[in-house]
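> After the sequence you'll find the predicted model.
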Amino acid sequence: MILPVYLYGQPVLRKEAEDVPMDYPDLKQLVANMFETMYNADGVGLAAPQVGLSLRLLVIDADVMGDDCPECKGFKRAMINPVFIERSEEEISLEEGCLSLPGVHEKVSRSAKVRVKYLDEDLKEHDEVVEGFAARVVQHECEHLEGHVFIDNISGIRRQLNKSKLNSIIKGTARCSYKAKAVGK
């Protein structure tokens, strides 16, 4: 089932998400719905707050980036209650976008490599080192779980230059090709 993507301005995007309980009802169905929603919106990652749920859950399928970024080949994950164990000091600055901020793209610096501990949809524990663009996607999605969006990492002047786009997203007048839920609509 395709869920609406909550857009910038929705309070759930600014709330620190809560751990997913081990007995969360229909967890596998929620994960499947999130993947379907992400694919429908042509995204490579989606966090539960982006579908209106304040839960520490995210899905990623970066395989589409595999030709340009070999580390993304086959990188498909559901991450439940992810926690960063380590982040490299080396950072890489690249342009990012977000399904919750349609039409907004800005350069963001992120760690080149991370070590993350999480549970998969079968509640099996993983401790994984992720590098390159795949690490960027994991960090971007985990930021949503902390109540942040990628534009929090850009300068005030860059945010000011995006103010009209951000206002149109909040008002619900921004163009979006997928099912979305804006504050103003």
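Ah, there it is.

> Leu119 contacts Ile80, correct?
Yes - between Leu119 and Ile80 a contact is recorded at 4.2 Å, counting by CB atoms under 8 Å. Where you see a C-beta, it was placed from the backbone N, CA and C, and this is true even at glycine.

> So for the two, which sits in the more crowded spot?
Ile80 (25 against 19; other CB atoms under 10 Å).

> and the helix or strand hosting that one, which residues are buried?
In this assignment (DSSP states H and E), Ile80 forms part of strand 76-87. By 16 or more other CB atoms under 10 Å, the buried positions in strand 76-87 come out as Arg77, Ala78, Met79, Ile80, Asn81, Pro82, Arg87.

> Against which helices or strands is that strand packed?
Judged by 3 or more CB pairs under 8 Å, 6 or more residues apart in numbering; DSSP states H and E, strand 76-87 is in contact with helix 27-40, strand 57-61, strand 113-119, helix 132-145.

> which residues touch that strand?
19-20, 27, 31, 34-35, 56-63, 111, 113-121, 123, 127, 138-139, 141-142, 145 (CB atoms under 8 Å, 6 or more residues apart in numbering).

> ok, so what distance separates the residue nearest to the spatial centre of the chain from Leu99?
For the chain, the residue nearest the mean C-alpha position is Glu141 (2.8 Å; CA atoms, centre = their mean). Plainly put, Glu141 is 10 Å away from Leu99 if you go by CB to CB, to the nearest Å.

> Mind listing the shared neighbours of the two?
In contact with both Glu141 and Leu99: Leu46, using CB under 8 Å, 6+ apart.
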